[in-house]
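*Asks:* I'd like to go over a predicted model; first the sequence, then the structure.
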Amino acid sequence: MSKPRTCRVVRSARSYRGKQGLDYGEAISKETVGSEGICMLLLTIPPGSRAKAHMHENHETAIYVLHGKSAMWYGENLNQHMEVEAGDFVFIPAGTPHLPYNPNDSEPCTAIIARTDPNEQESVVLLPDLDDIWNRNELD
């Protein structure tokens, strides 16, 4: 017999390393509260750090930047670029390759991330070929 569904509070002090190579603050997900349609996490990108190139198959992502600045390469060959700062919202369509990073060498960037996949990591698809493109471009 399954547990009855009810409202829940998550006072999370736990974090985990995502497939993308960054640490996420555990919050709302199938794993923590049994959600069926959403996952919400806290992400802090340390100064000068970046994620691995990836996409979320069949799931949309919404981001709200709480503190700091970040940037992201996105698109088929990571050929598009955007910069975001505290107060900005970002939408990433399902299946869109992206590589977020923190260009600041002294200040972290903290954001709330929500995805239409209730699982913390299930829809993450790493894209090592795009990592190679990004690494080559950084050397140029």
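*Replies:* Nice, thanks for sending it over. Numbering: from 1, shown residues only.

*Asks:* So what pairs up with the most centrally placed residue in the chain in the strands?
*Replies:* Central residue of the chain (C-alpha atoms, centre = their mean): residue 113, 6.1 Å from the mean position. When assigned by DSSP bridges, residue 113 has beta-bridge partners residue 41, residue 63.

*Asks:* just the helices in this protein please.
*Replies:* Taking DSSP state H as the criterion, the chain carries its helices at 30-33, 128-139.

*Asks:* In terms of mean pLDDT, which of those helices ranks lowest?
*Replies:* Mean pLDDT is lowest for helix 128-139 among the helices of the chain, at a mean of 72.

*Asks:* on that earlier part again, give the contact list for the residue nearest to the centre of the chain.
*Replies:* Counting by C-beta atoms under 8 Å, 6 or more residues apart in numbering, residue 113 makes contact with 24, 40, 41, 42, 43, 61, 62, 63. The C-beta positions use only the backbone N, C-alpha and C, and glycine is treated the same way.

*Asks:* Let's see that with 7 Å instead.
*Replies:* Residue 113 is in contact with 40, 41, 43, 61, 63, counting by C-beta atoms under 7 Å, 6 or more residues apart in numbering.

*Asks:* now do residue 15
*Replies:* By C-beta under 7 Å, 6+ apart, the neighbours of residue 15 are 23, 24, 25, 26.

*Asks:* So for stretch 114-125, what gets flagged as buried?
*Replies:* Buried positions in stretch 114-125, judged by neighbour count with 16 or more other C-beta atoms under 10 Å: 115, 117, 118, 120, 121, 122, 123, 124.

*Asks:* Looking at these, which two lie furthest apart in space?
*Replies:* 118 and 124 (13.4 Å; C-beta to C-beta).
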